[in-house]
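Participant: Sharing a sequence plus its predicted fold:
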Amino acid sequence: MLALATVMLPAAPRRLVARALADEMFTAETRHETQECGRGGMNVGQHQSAAMCAIAAGKAGCSTFMHSSAYPSWGCRCCADPEGGNDHNLWAVYDVIDCNDEGVECTGPGEVLEAGLQAAAAFCTTSDPDATAAANFDTAKAFHEVLVARDVWGEYVESFSTDLSNAAVAAAATLKLYSEADGGCNAPTACNGAKIILWQLRGLLLLADGDGQRAFPDSPERQTLMDTHRIALADAGGFNAVSVVAIHALFDGLPPHLMGPGVLYDAPFATMTQKDYWKCDGDDTATKLLHFTRRGFNTCAAPPGPAAAARATSPP
């Protein structure tokens, strides 16, 4: 059964940079993980992550703020006093860190993208692929944060459009490398973290191109699903080709009034996930990094269709 939902994109890693206009650069450091401000101040707008809040709060002259990663619509609220606030599981209080301060090191979004691209390419030939798992997950998280905050980065970082364009070219080359390697690359899996990094590269290309041609060089069926219905299938390669065709047939049968105003409402594409294929021994870290737009839904391991068409391969 498909459960259509508006996707709540995740919060930023603790030290992912937030960069503002000119020479103003800020990042956020967690001060209290489950607490409100002692006294609230101005609301500087709705921002998807704490890193993005740091831009607005820093430019407004605030030194601390509170933000809810679960409900970013509550706003980014500066603190008149960050101490003594009520305990609250959905709020966190952050310090605004000026990246120009002595001893503070911040990384721009272009550098984050470059690090992800390098990690993805290097994994192909690394001598010990399992040893890079933790670093791969961290890299994927940072890459994902840049992608979901792309509109804000584009507003505040003059070079970001160029950074994205250059990264897309490199991402396409890396995905093509894996698709043509024929066993010459290490196998990306849910546990070694390479699978989720490669999904970030696919997401970058889906956003840049609006189709599946460069994003899915290894799967014509996934390309066609994206090109025809604007559905990005995030199944970690778990569904076989016959299953993907069955999924395509499902969307062929949906009337336009359910696709446009429903499945794809206010989004360049929707993401159809099968989260079980992304889990590693029960760890669901990767499942939080699958969406790049605000529309998506999860499905069971056997997609709709005849029994023969619903067979899926084992998770890679």
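Facilitator: Okay, I see it.

Participant: Tell me which helix or strand Thr27 sits in.
Facilitator: Assessed by DSSP states H and E, Thr27 sits inside strand 25-32.

Participant: Ok, Arg222 next?
Facilitator: Assigned by DSSP H and E, Arg222 belongs to helix 220-229.

Participant: Then Gly183?
Facilitator: Gly183 is located outside every helix and strand, with elements delineated by DSSP H and E.

Participant: going forward, begin numbering at 6 instead of 1
Facilitator: Renumbered: residue one is now 6, and that last one reads Gly188.

Participant: So it versus Trp158, what's the distance?
Facilitator: Using C-beta to C-beta, to the nearest Å, Gly188 is found at 37 Å from Trp158. Placement of C-beta: from N, CA and C, glycine included.

Participant: which residues of this structure fall in strands?
Facilitator: 8-11, 22-24, 30-37, 44-48, 69-72, 82-86, 97-103, 236-239, 275-278, 300-303 (DSSP state E).

Participant: Columns distance to Glu163 and mean neighbour count on top of these, output as JSON lines?
Facilitator: JSON lines is the format used below for the strands of the chain (distance: least, C-beta to C-beta, whole Å; neighbours: other C-beta atoms under 10 Å):
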{"stretch": "strand 8-11", "distance to Glu163": "31", "mean neighbour count": "11"}
{"stretch": "strand 22-24", "distance to Glu163": "10", "mean neighbour count": "27"}
{"stretch": "strand 30-37", "distance to Glu163": "13", "mean neighbour count": "21"}
{"stretch": "strand 44-48", "distance to Glu163": "27", "mean neighbour count": "15"}
{"stretch": "strand 69-72", "distance to Glu163": "25", "mean neighbour count": "28"}
{"stretch": "strand 82-86", "distance to Glu163": "26", "mean neighbour count": "19"}
{"stretch": "strand 97-103", "distance to Glu163": "20", "mean neighbour count": "21"}
{"stretch": "strand 236-239", "distance to Glu163": "29", "mean neighbour count": "26"}
{"stretch": "strand 275-278", "distance to Glu163": "30", "mean neighbour count": "22"}
{"stretch": "strand 300-303", "distance to Glu163": "30", "mean neighbour count": "20"}
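
Participant: Let's have these in CSV, adding distance to Ala147.
Facilitator: Listed next are these as CSV, based on distance: least, C-beta to C-beta, whole Å:
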stretch, distance to Ala147
strand 8-11, 24
strand 22-24, 10
strand 30-37, 12
strand 44-48, 27
strand 69-72, 18
strand 82-86, 25
strand 97-103, 16
strand 236-239, 19
strand 275-278, 19
strand 300-303, 21
